[in-house]
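Peer 1: what's the 3D shape of this:
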Amino acid sequence: RVLRPHSAFDTRRRAINHTSATTGGMPLIKLDDCSLEYFTCGSKTAEDGSPAPVITWVHGAGGNAFTFWANTPGFVTSSVPFHAPGLPESSAPLSKKAYYCIMISMRGWGGSRIHAKDPVQVFSAAHFAADLLAVLDAEGVEETALVCHSFGGTVGVHTAFTAPERVTALVMVSTTFGLLFSESAEDRLQKDFLEAWNFGGMKQDFDYSKLLAQVQGRLSDDALRARPFVDMDGRLQAGCYLWMKKAPEVWNLRTLLHQANVQVKEMGCMAPPPRSAEDPMLKIYYDESKTDAELREKFLGPISFICPADDAAVPWEFCALMAERLGGSIDVMESSLGDHSVMMFSPAEFNASVRSALERV
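Peer 2: Got it, this is the predicted structure:
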């Protein structure tokens with residue numbers, strides 16, 4: 001299926017003017033202070049004539065609407081296998097259910113642009129959630145599953161919190177972003193890790209192994225508690241360093257997607273660590289994240305986590321602990337399937353995990 005590009009101007013209002021225009025060959029849906037780039041694929045109608053289930057795919061800080069290029073073809077048909085170019089063919093079974101897929105570049109990422117004198121003033125988790133709901137309104141979609149990668153977890157959490165009736169399931173991929181632990185000791189463990197590794201630039205004098213062992217020890221699942229521990233260097237070796245050599249063309253594509261996010265970089269987001277306290281994305285994390293209890297008070301639907309064992313950016317231990325606190329599920333994908341971008345490096349295995357999360361009986 002061919003991806004269909006769209007663009008929207010968003011005010012965070014739900015009213016939508018469906019009059020389309022054309023700018024440089026792009027159809028536009030006019031809203032207000034932000035232009036949103038998004039793509040769709042698949043059919044809105046199932047084979048039996050009923051509305052097809054919908055998945056909205058939400059990228060992370062280094063991606064945009066193209067992040068899931070290797071995944072969505074495996075969800076829009078029930079009869080055609082998909083082989084991602086540049087990667088080994090997979091023996092994964094054919095799809096059993098076809099979905100309508102929506103992929104959005106959030107405001108400031110990719111081709112989406114904020115049209116404000118000071119873009120930071122209209123750059124928040126609340127804006128992201130409203131943007132996603134505006135796209136659903138434009139598409140005439142009442143409800144959707146959300147598959148959210150990395151920082152995209154913030155978008156998913158706030159959408160599920162704001163409009164729980166429109167979210168059928170929340171799938172968090174390599175992320176606990178948007179979420180805080182209600183228990184203060186667990187919250188401190190997560191923040192200590194983020195401030196040393198992600199925000200602090202991989203501080204060398206920090207005992208990551210000790211911290212992650214504490215997190216793993218808090219898990220109630222015996223199998224997860226018994227998983228052999230791998231230190232951060234081991235995860236880097238089996239994750240990103242491996243895939244830089246194994247699939248350089250895919251690694252380069254990931255780099256190009258990151259480079260396409262011009263406006264968020266101009267806004268001071270994603271600067272090389274150590275991150276400034278003025279980074280708008282850090283402010284969103286510290287000021288707008290919801291605790292596990294707050295989210296569950298509003299959103300009662302299924303929540304699933306997917307995290308590669310080799311992910312050094314967001315260790316699986318935090319995803320597993322958050323899954324337990326939310327009463328959700330966790331799939332810790334085996335070593336050497338991918339690092340923080342498993343959906344690109346092992347698309348068939350990733351798709352199988354997403355499908356399992358969405359179709360679990």
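Peer 1: you'd agree E143 is up against V167?
Peer 2: Yes: E143 is within contact range of V167, at 6.9 Å (criterion: C-beta atoms under 8 Å). All C-beta atoms are positioned from the backbone trio N, CA, C, and that covers glycine.
Peer 1: stretch 262-280: how far from the chain's middle?
Peer 2: With C-alpha atoms, centre = their mean, to the nearest Å as the basis, the distance from the averaged C-alpha position of stretch 262-280 to the chain average is 19 Å.
Peer 1: end-to-end on that stretch?
Peer 2: When the termini of stretch 262-280 are compared using C-alpha to C-alpha, to the nearest Å, they are 15 Å apart.
Peer 1: list the buried residues for it?
Peer 2: Neighbour-count burial for stretch 262-280, with 16 or more other C-beta atoms under 10 Å as criterion, is recorded at Q263, V264, M267, C269, M270, R275, D279, P280.
Peer 1: max pairwise distance over those: which two?
Peer 2: Farthest pair in the buried residues of stretch 262-280 (C-beta to C-beta) is Q263 and R275. Separation: 17.9 Å.
Peer 1: now for the closest residue to D231 other than its chain neighbours, how many residues are close by?
Peer 2: Sequence neighbours aside, S209 is the residue nearest to D231 in space, at 5.1 Å (criterion: C-beta to C-beta, 6 or more residues apart in numbering). S209 has 14 neighbours, counted by other C-beta atoms under 10 Å.
Peer 1: buried residues of the helix or strand containing S209, list them for me.
Peer 2: Secondary-structure assignment from DSSP states H and E places S209 in helix 208-217. Of the residues in helix 208-217, those buried under the neighbour-count criterion (16+ other C-beta under 10 Å) are Y208, L211, L212, V215, Q216.
Peer 1: JSON lines please, covering these and showing pLDDT.
Peer 2: Conversion of those to JSON lines gives the following (pLDDT from 0 to 100):
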{"residue": "Y208", "pLDDT": "97"}
{"residue": "L211", "pLDDT": "98"}
{"residue": "L212", "pLDDT": "98"}
{"residue": "V215", "pLDDT": "98"}
{"residue": "Q216", "pLDDT": "98"}
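Peer 1: helix, strand or coil for A271?
Peer 2: coil (DSSP: H, G, I helix; E, B strand; the rest coil).
Peer 1: for it, give its distance to W109.
Peer 2: A271 sits 15 Å away from W109, taking C-beta to C-beta, to the nearest Å as the criterion.
Peer 1: next: W251.
Peer 2: Distance from W251 to W109, counting by C-beta to C-beta: 20 Å.
Peer 1: what about the two, which has more around it?
Peer 2: A direct count of neighbours by other C-beta under 10 Å for W251 and W109 places W109 higher, at 30 against 18.
Peer 1: with that, I have no additional questions.
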